[in-house]
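Novice: Model the structure of this input:
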Amino acid sequence: MIKLIALAINASLISNIILTKFLGICPFMGVSKRQSTAVGMGLAVTFVLTLAVVVTWALEQYALRPMGLEYLRTIVFILVIASLVQFVEIFLKKSAPALYQALGIYLPLITTNCAILGSAIIVVQNEYTFWEGVTFAFFTALGFTLVIVAFSAIREALEMQPVPRVFKGVPIAFITAGIMSLAFMGFSGLDKSIEKVAYAMETRSTRKVVSVEKQEEISKVALKEKAIEEESESSAKGSTENLKENVKERMYMISPLKGGLVKITLLSVENFPVSVTLKFSQKPSEKELDRIAAEFNRALLSLSDVFNNYDPNSEVTKLSRAPVGKEIEVSMELYKALSIAKELWRESEGLFDVTVEPLARAWKSEKKPSEEDISKLRSLVGYEKVKLLKGNKVLKEAEREFELGGLKGIFADYLLAAADEIGASAVVIDAGGDLRTNSQ
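Specialist: From the prediction side, this is the model:
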């Protein structure tokens, strides 16, 4: 639900189809001289756009893609939109002839309105689910209507103002549209804020429980207070290499710092140090600090059960070995990470790809891979063959191996969510260079 709300806000305000994507400018400028015609055009576009996305989504999923006819997408989509526009035109001609006359040539021009066609293609390219597509279409049309109605009201008011002759008409209209576009930039980041709130709520409510064996291991470590104190002192004087060796042996270590700060160093999933710097209004006892460190370590070990590529029993390793064509249900943590990776893959146009591990492993080997080897390995790479389904399910359409080391920030996010319960006035998480803090 939160994702749909963020999508709705993004479609209607942040990435407004007119003021941000600059689609549908023709009717925006042509039908916005009067508010009555602007409302009519907005309602017509809302109906056509929403229904067009529903029909084109179904055609893409059940006809074009299964039969390999994606190259006909634009032609088929235009035919669908033209049919819907014809229906709207007949309906308005019979039921609202005055509005039909007022809209004039701009009503049949909806057939080639790039806002309609562009929205249908965006839904397909972003691989939205049915309800995501419907939400995107409806709120895109709502954003179109909001902007064109507001713009028409401003244009009517401008007719009564002493606008210089050289700016009257279209020039002042374009200037007004530009100012509106700048104003809508103020909504930027609102959808991300909503997603971050939802993410924090999810991680707090569904935090994974560590296995009994690892809890016992942590408990044994936590009881050795004297050893912790000695290692803390040696870490302040020792080198980075000694620090890493201590971490591997102890799994975590505590280092008191100046100014009432405490630094906890953990061994993360990928064997790079994760540090947690805490500030307390009242310094806790050494025993309490050890308990806090054990809590952080427990949270990190739970992530290891999910993301550790070196563990044959981790969830991501099992997913890499899962059979092709079978829907695999994964944890919320892994599904969230795969969703973020999918979004980054889209935004980078495939440059960020968590399925590139077979190629990376070949280049890391002592023997340089041949062109033939590289060609074979490329068939094992590509996130487009990974589908994220409802119910935290993943479908691999081809053999794919996942390596999520590029998403170190996820570990920091989970640890920051765990930090909310320890009573520190400020927390800074450093996961291999990815920083998170709960303080300004």
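Novice: low-scoring pLDDT stretches of the stretch 251-400 of the chain, where are they?
Specialist: 251-253, 256-260, 266-273, 280-284 (pLDDT under 70).
Novice: run the last query once more with 90
Specialist: 251-328, 330-386, 389-392, 396-400 (pLDDT under 90).
Novice: quick one, helices of it?
Specialist: Secondary structure of the stretch 251-400 of the chain (DSSP state H, counting those that start in this stretch): helices at 286-307, 315-321, 332-347, 357-364, 371-378.
Novice: Now the ones you listed in JSON lines, please, with extra columns for distance to Thr145 and mean neighbour count.
Specialist: From N, CA and C alone the C-beta is placed, and that goes for glycine too. Formatted as JSON lines, the helices of the stretch 251-400 of the chain follow (distance: least, Cβ to Cβ, whole Å; neighbours: other Cβ atoms under 10 Å):
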{"stretch": "helix 286-307", "distance to Thr145": "44", "mean neighbour count": "20"}
{"stretch": "helix 315-321", "distance to Thr145": "43", "mean neighbour count": "17"}
{"stretch": "helix 332-347", "distance to Thr145": "28", "mean neighbour count": "18"}
{"stretch": "helix 357-364", "distance to Thr145": "47", "mean neighbour count": "14"}
{"stretch": "helix 371-378", "distance to Thr145": "46", "mean neighbour count": "12"}
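Novice: what's the closest non-adjacent residue to Glu403?
Specialist: Glu357 (4.0 Å; Cβ to Cβ, 6 or more residues apart in numbering).
Novice: How about the contacts made by the one you found?
Specialist: 309, 401-403 (Cβ atoms under 8 Å, 6 or more residues apart in numbering).
Novice: which of those residues lies closest to Tyr100?
Specialist: Phe402 (55.3 Å; Cβ to Cβ).
Novice: any idea whether the closest one is helix, strand or coil?
Specialist: coil (DSSP: H, G, I helix; E, B strand; the rest coil).
Novice: Repeat that for Tyr100.
Specialist: Going by three-state DSSP: Tyr100 is helix.
Novice: Quick one: neighbours of it, just the number.
Specialist: Tyr100 has 18 neighbours, counted by other Cβ atoms under 10 Å.
Novice: Might one say that it is in contact with Lys93?
Specialist: Yes: judged on Cβ atoms under 8 Å, Tyr100 makes contact with Lys93 at a distance of 4.9 Å.
Novice: Not counting its neighbours along the chain, what's nearest Asn308?
Specialist: Ser314 (4.4 Å).
Novice: now do Val163
Specialist: Ile172 (5.4 Å).
Novice: ok so the one you found is a strand residue?
Specialist: No: under three-state DSSP, Ile172 falls outside any strand and is assigned helix.
Novice: my guess is it contacts Pro162, does it?
Specialist: No: assessed by Cβ under 8 Å, Ile172 is found out of contact with Pro162, at 11.5 Å.
Novice: can you pull the contacts of Ser59?
Specialist: One thing to correct before we go on: residue 59 is Leu, not Ser. 76-77, 80 are the contacts of Leu59 under Cβ under 8 Å, 6+ apart.
Novice: Need the max-distance pair from the contacts of Glu357.
Specialist: Asn309 and Glu401 (8.8 Å).
Novice: rewinding a little: show me which of the contacts of Leu59 is closest to Leu7.
Specialist: Phe77 (20.7 Å).
Novice: and that closest one, how many neighbours?
Specialist: 23.
Novice: check which helix or strand covers it.
Specialist: For Phe77, the element it lies in under DSSP states H and E is helix 73-95.
Novice: Need the CA coordinates for that helix. PDB is fine.
Specialist: Only the C-alpha atoms of helix 73-95 are listed here, as PDB (Å, rounded to 0.1, in the frame of the first residue of the first chain):
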ATOM      1  CA  ARG A  73       4.100  -2.400 -29.300                       C
ATOM      2  CA  THR A  74       3.800   1.200 -30.500                       C
ATOM      3  CA  ILE A  75       1.400   0.400 -33.400                       C
ATOM      4  CA  VAL A  76      -0.800  -1.700 -31.200                       C
ATOM      5  CA  PHE A  77      -0.900   0.800 -28.400                       C
ATOM      6  CA  ILE A  78      -1.900   3.600 -30.800                       C
ATOM      7  CA  LEU A  79      -4.700   1.500 -32.200                       C
ATOM      8  CA  VAL A  80      -6.000   0.800 -28.700                       C
ATOM      9  CA  ILE A  81      -5.900   4.500 -27.800                       C
ATOM     10  CA  ALA A  82      -7.600   5.500 -31.100                       C
ATOM     11  CA  SER A  83     -10.400   3.100 -30.400                       C
ATOM     12  CA  LEU A  84     -10.900   4.500 -26.900                       C
ATOM     13  CA  VAL A  85     -10.800   8.100 -28.200                       C
ATOM     14  CA  GLN A  86     -13.500   7.300 -30.800                       C
ATOM     15  CA  PHE A  87     -15.700   5.900 -28.000                       C
ATOM     16  CA  VAL A  88     -15.200   9.100 -26.000                       C
ATOM     17  CA  GLU A  89     -15.900  11.300 -29.000                       C
ATOM     18  CA  ILE A  90     -19.200   9.500 -29.800                       C
ATOM     19  CA  PHE A  91     -20.200   9.700 -26.100                       C
ATOM     20  CA  LEU A  92     -19.600  13.400 -25.800                       C
ATOM     21  CA  LYS A  93     -21.200  14.200 -29.200                       C
ATOM     22  CA  LYS A  94     -24.400  12.600 -27.900                       C
ATOM     23  CA  SER A  95     -24.400  13.600 -24.200                       C
END
